[in-house]
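> Turn this into a model:
(2 chains)
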Amino acid sequence: MSSQRQQNSAAIEVVGLSKRYRLGGPPKLSRLRQWLSRPVERETDYIWSLRDVGFAVHEGEVLGIVGRNGAGKSTLLKVLSRITEPTTGRVVMRGRVSSLLEVGTGFHPDLTGRENIFLNGSILGMSRNEIQRQFDAIVEFADIARFLDTPVKRYSSGMYVRLAFAVAAHLEPEILIIDEVLAVGDVAFQRKCLGAMRNIAGSGRTVLFVSHNMAAINHFCTRALRLREGRLVHDGKPADVTSGYIADNYSNERARRWPFDPSKRMQIRALEIRDDNAENVLYRTEPIEIRLTYEVSQPVSGADPELTIESSDGGVVLQTRELDCAEQGSVRREPGIYTTCVTLPPRLLNVGSYLVRASIAWGAPHEHLDSRDGLLFELHDPEGEMTTRSGARRRLGVLCLNLPWAPPTRVSEASVDGDAQLQTVASDL
Amino acid sequence: MQPVTVIEANRSGILAEIRESWRYRELLGFLAWRDIRVRYRHTFVGFAWALIEPFLTVVAFTLLFNRIAGIESADIPYPLYCYAAMLVWNFFARALRDSTTSFVTNATLVRKVYFPRLVLPTACIVAAGVDFACALVMYGAMLLYYGITPTWAILTLPFWVALAAFNALGVGLALAAINVRFRDITQALPFLLQLWLLATPIAYPLQSVPASWLGWYLLNPLVAVAQGMRWALLPESTVTTVDPQLLVTSVCINALLLWAGLRVFQRSQKGFADVI
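Got it, this is the predicted structure:
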């Protein structure tokens, strides 16, 4: 049958999937009666979390899913994990499925690390033999060998999360469904998790991955979907989907203004981005001027206007403060409207989208008098710049500076016996 | 051969659910093991609690019902007579209590992981079975102490235990499913169990129930179970007989309860993750 052959290529097939939830509070006696008698259902009693979603995932694809909170991502994963039933539609999955919607589900605080590895592994769908086989690898990955026989309630939160992720990372399903598990642990462990994710993604398994971390999506996924209000609105390359998502969530204007709020002593009123050229495009080769306007309604000292630039994955590229250039440390400001501006030097940031946020730092670290979601801007490369100066390849990274390389010096003949030659060179240096 | 999973609304029937649960029997074992492990972990005497609890209850019952109220058990020592039925009652009560609350106490699992939901209450019954096995050893010691040998009827012991287990599963499934939406069940359960205990021949012989009540009394499926345990574990006597008609009634009611329990459970389980 030809249709069957066609179907066989897809690891996951989703057709017309919808999920409806009932709105309402805790059970009441009237609800009990309702539940028993199945009354007439009104459309306003319900909310659609997923609406007619359809897509197919091929074997080995790593599919990222993005969307705002409430867009239906978690519902989609719950349906695909068989935790909840769809209202309508159909999903066919070929291969062993494991899903990981939370790190450490089913961990019991009173059980030891060793016991929890077995319990959690089993809950995630591993067989006893599989767990036994992977046991040493799990312990090593989590780095908890010394605490194996300690109840996990005595673990630090970091150890707990490491152990939980370690078990999950050693699942060996054909289809893996993951929700936001990377938002845990310290930086070193997150890096380890990302490494594990990379291995999983590169192992030919089919992966479905929900994240708010656009960098992770861009990094691991071969394709991405975007959901909005329960509907599938974009299905394409990760870079396109994530940048579309960001552009939709932040204004892409050149200036933003905010109304005056009498409750604040000092507040941001406007943020603008300017460039020198007449076309409405920002080039990374030109200086970019960011203008900030703020208003002081009561005399204030020690407050410091601050700009934060973030890359499209949400990582902070840099932070800059007005007082960096002030003559003395603390400045007292009288009531009035102030405007100031800072210029980003040319050839600093790479091509891509960036977000500027404005805030007024005050007092202890991370304390703010005011803070505003900022402006989104996109940096382009003027035609020819990249190709003429540095070859056709686009550089990786957030920064793209021209660093001073020394011209190469010829230090010896080409190698005949490589190692010996290189040693002499090394000792010369 | 790759397993194929199809997800649709109202797809799985109860038979498919049971088959799927069998595939997850290893998880069932782990969950039961966890329950037992956790229950006795922070206790001083640990597992001995599985023995102490029924033992003290029997002592109390002997003093109260035998010595004070003057309930007799013909030619069989009262403590043995009472304990034989108490054994299975304790098993039943623990199994029912734990399975009824199993979805609520494991709400995080229900919300975050897939497995056939039937596994959870069943694991509670298995865990209660382990306590039962300990208490049974204790019973053996008591038999030795009193110098009493049971008859060949002891071979029917697994049957009575299975009957109690299915009874707990049937009622437990229905109550657990309702408990997910209406926690009133958790509140009402201790009271229900207390009444049920009194309506089962544990402290007194079945023969002392007024004949005019028997029509209603025998609707309690545990009557046959309690009486059957006595028949299996004690020597032949007028107070340990099991009437075949009683047995048939009990098995039928049990089957009915199990079917109803599975129905109620199956009808509401697909919404568990959304409402729990």
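
> C-alpha coordinates for stretch B:66-82, CSV please?
Output in CSV follows, covering the C-alpha atoms of stretch B:66-82 (Å, rounded to 0.1, in the frame of the first residue of the first chain):
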residue,chain,number,x,y,z
ASN,B,66,-14.3,-11.7,74.5
ARG,B,67,-13.7,-10.8,78.2
ILE,B,68,-16.0,-7.8,78.6
ALA,B,69,-18.8,-8.3,76.1
GLY,B,70,-18.5,-12.1,76.4
ILE,B,71,-18.4,-13.0,72.8
GLU,B,72,-17.5,-16.7,72.4
SER,B,73,-15.9,-18.6,69.6
ALA,B,74,-16.9,-22.1,70.5
ASP,B,75,-14.0,-24.5,70.8
ILE,B,76,-11.4,-22.2,69.2
PRO,B,77,-9.3,-19.8,71.3
TYR,B,78,-10.7,-16.3,70.7
PRO,B,79,-7.5,-14.5,69.9
LEU,B,80,-6.8,-16.9,67.0
TYR,B,81,-10.3,-16.8,65.9
CYS,B,82,-10.4,-13.0,65.8
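
> Buried residues in it, which are they?
B:66, B:71, B:73, B:76, B:77, B:78, B:79, B:80, B:81, B:82 (16 or more other C-beta atoms under 10 Å in any protein chain shown). Bear in mind the C-beta positions are built from the backbone N, C-alpha and C, glycine included.

> Could you check how far the second one is from chain A?
As judged by C-beta to the nearest C-beta, to the nearest Å, residue B:71 and chain A stand 41 Å apart.

> cool, and the last one?
For residue B:82, the distance to chain A under the criterion C-beta to the nearest C-beta works out to 34 Å.

> Contact partners for the nearest residue to that residue once chain neighbours are set aside?
Among residues not flanking residue B:82 along the chain, residue B:61 sits closest, at 5.1 Å (C-beta to C-beta, 6 or more residues apart in numbering or on different chains). Taking C-beta atoms under 8 Å, 6 or more residues apart in numbering or on different chains, we find residue B:61 in contact with B:82, B:86, B:202, B:203.

> tell me the secondary structure for residue B:61?
helix (DSSP: H, G, I helix; E, B strand; the rest coil).

> The one 10 residues further on too?
Using three-state DSSP as the criterion, the local structure at residue B:71 reads coil.

> And the pLDDT for the spatially closest residue to it that is not a sequence neighbour?
Computed as C-beta to C-beta, 6+ apart, the closest residue to residue B:71 that is not its neighbour in sequence is residue B:65, at 4.6 Å. The model reports residue B:65 with a pLDDT of 87.

> Got the phi and psi for the residue of the stretch 151-300 of chain A found nearest chain B?
The nearest approach of the stretch 151-300 of chain A to chain B comes at residue A:174, 6.9 Å away (C-beta to the nearest C-beta). Main-chain dihedrals, residue A:174, degrees, to the nearest 10: phi -80, psi -30.

> Quick check: residues of the stretch 151-300 of chain A near chain B?
residue A:174 (C-beta under 8 Å from any C-beta of the partner chain).

> Walking through the stretch 151-300 of chain A, point out its helices one by one.
A:157-169, A:187-202, A:214-220, A:238-249 (DSSP state H, counting those that start in this stretch).

> Please apply the same query to the stretch 1-150 of chain B.
Secondary structure of the stretch 1-150 of chain B by DSSP H, counting those that start in this stretch: the helices cover B:14-23, B:25-41, B:49-61, B:78-105, B:107-112, B:119-146.

> Switch those helices over to a markdown table; also include mean pLDDT.
Output for the helices of the stretch 1-150 of chain B, formatted as a markdown table (pLDDT from 0 to 100):
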| stretch | mean pLDDT |
| --- | --- |
| helix B:14-23 | 87 |
| helix B:25-41 | 89 |
| helix B:49-61 | 84 |
| helix B:78-105 | 92 |
| helix B:107-112 | 88 |
| helix B:119-146 | 91 |
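
> what's the closest of these to residue A:157?
Residue A:157 lies closest to helix B:107-112 among the helices of the stretch 1-150 of chain B, at 16.8 Å (C-beta to C-beta).

> Can you name every helix or strand that the closest one contacts?
Packing partners of helix B:107-112 (3 or more C-beta pairs under 8 Å, 6 or more residues apart in numbering or on different chains; DSSP states H and E): helix B:272-275.

> Check the model's average confidence along the helix it packs on for me.
Mean per-residue pLDDT for helix B:272-275: 80.

> name the helices or strands packed onto it?
helix B:107-112, helix B:157-181.

> Surely residue A:351 touches residue A:380?
Yes: in this structure residue A:351 lies within contact range of residue A:380 using C-beta atoms under 8 Å: 6.3 Å.

> Point out where the stretch 301-429 of chain A drops to low pLDDT.
Along the stretch 301-429 of chain A, segments meeting pLDDT under 70 span A:328-330, A:365-366, A:383-394, A:415-429.

> That one: strands as residue ranges?
Assigned by DSSP state E, counting those that start in this stretch, the stretch 301-429 of chain A shows strands spanning A:304-311, A:316-321, A:332-333, A:336-344, A:352-361, A:368-380.

> Check the stretch 1-150 of chain A too.
Under DSSP E, counting those that start in this stretch, the stretch 1-150 of chain A gives strands at A:10-22, A:46-58, A:62-66, A:88-94, A:97-100.

> which one of those is the most hemmed in?
strand A:62-66 (a mean of 25; mean count of other C-beta atoms under 10 Å in any protein chain shown).

> who's in contact with that one?
A:57, A:73, A:76-77, A:201, A:206-212, A:214, A:216-217, A:220-227, A:238, A:241-242, A:245.

> And the closest residue to residue A:360 other than its chain neighbours, how close does it get to residue A:149?
Once flanking residues are discounted, residue A:360 sits nearest to residue A:369: 4.2 Å by C-beta to C-beta, 6+ apart. Here residue A:369 is placed at a distance of 51 Å from residue A:149 (C-beta to C-beta, to the nearest Å).
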